[in-house]
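Novice: build me a model from this:
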Amino acid sequence: MYYIVGLASILPSSAQTVEGLAVFTTFRQFQYSLSRTRTIATVANVEAGPVRITPTSFIGKIITPIHALSILLPPVTYILCVAFNRFAQPAWMQCMSLPDTYFKHENEVGLRVAACAATFMVIRFSARVLTHLGSQWHPIGRREQSRIVQTGPYAVVRHPLYTSALIQGLLFTLMTWSYAPLVGIGITTGASAVKLLIEEDLIMQDPAVAEEYRAYMHRVPARLVPFLW
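Specialist: Have a look, this model is predicted:
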């Protein structure tokens, strides 16, 4: 067996490899979300016209930024802090690590890698949701040419994009092996609940689609999670 002096200090450790995979997966998911949102917003403006009905209340105006920050801030913080720390979590992050009492190191690594793989499945799910949503995408409001999307994931829950965001938050907790993302999940869940109620109220105020949406609500009672809520 040959030994090359200094090679061990150059090659990444197993911990760095797992952390690097988590950073890459998080970055890819973040990149996809931004690029696809930008693309679909352009298409929606062209095909369905500008948003004509928006919330007027204070909560209605601030809930979208709160919702967006709760989703985007944790992964951005993780990517920057770990990437600039040579693909190792800084000490303050390690203080919030999940307990390893019930898991061997190999099991922890396996769960983190599995969460990375599952994230790409969530990306595909989000892509499918956006394909069905198409021209009806909007941050919060109703477009000039409104219609009720009832196909694909929308035949199961009424707000599948929010469902995918919550699933991604749980996977991010496993990928980073940290309690920290749970704070973001809590805020995201609360913001999603408020935001979707405002969205549904705006839809019911639109006489062009109100009756159709009422029938859709009866047929698809689940907002976020089938059989729960």
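Novice: ok, residue 228 touching residue 222?
Specialist: Yes - between residue 228 and residue 222 there is a contact under C-beta atoms under 8 Å: 7.1 Å. Bear in mind the C-beta positions are built from the backbone N, C-alpha and C, glycine included.
Novice: tell me which of those two has more neighbours.
Specialist: Between residue 228 and residue 222, counted using other C-beta atoms under 10 Å, the more crowded position is residue 222 (15 against 8).
Novice: from residue 17, how far off is the closest residue to that one other than its chain neighbours?
Specialist: Nearest residue to residue 222, sequence neighbours excluded (C-beta to C-beta, 6 or more residues apart in numbering): residue 157, at 4.7 Å. Taking C-beta to C-beta, to the nearest Å as the criterion, residue 157 is separated from residue 17 by 36 Å.
Novice: kindly report the same for residue 220.
Specialist: Relative to residue 17, residue 220 is positioned 43 Å away (C-beta to C-beta).
Novice: so how far is residue 192 from residue 165?
Specialist: Separation of residue 165 from residue 192 (C-beta to C-beta): 7 Å.
Novice: what ranges does this structure have for its helices?
Specialist: For the chain, the helices defined by DSSP state H occupy 7-10, 14-48, 58-83, 91-94, 105-133, 160-176, 180-204, 210-219.
Novice: now the angle from the third one to helix 14-48?
Specialist: Compare the direction of helix 58-83 with that of helix 14-48 by axes from the mean of the first three to the mean of the last three C-alpha atoms, to 10 degrees and you get 150 degrees.
Novice: for helix 58-83, packing partners?
Specialist: Contact here means 3 or more C-beta pairs under 8 Å, 6 or more residues apart in numbering; DSSP states H and E; on that basis helix 58-83 packs against helix 14-48, helix 91-94, helix 160-176, helix 180-204.
Novice: now, of those, which is deepest in the fold?
Specialist: Compared across the helices and strands packed on helix 58-83, helix 160-176 shows the largest average neighbour count, a mean of 21 (mean count of other C-beta atoms under 10 Å).
Novice: now do it, average pLDDT.
Specialist: Regarding helix 160-176, the rounded mean pLDDT is 96.
Novice: just stretch 44-52 next, same as before
Specialist: Here the average pLDDT along stretch 44-52 is 89.
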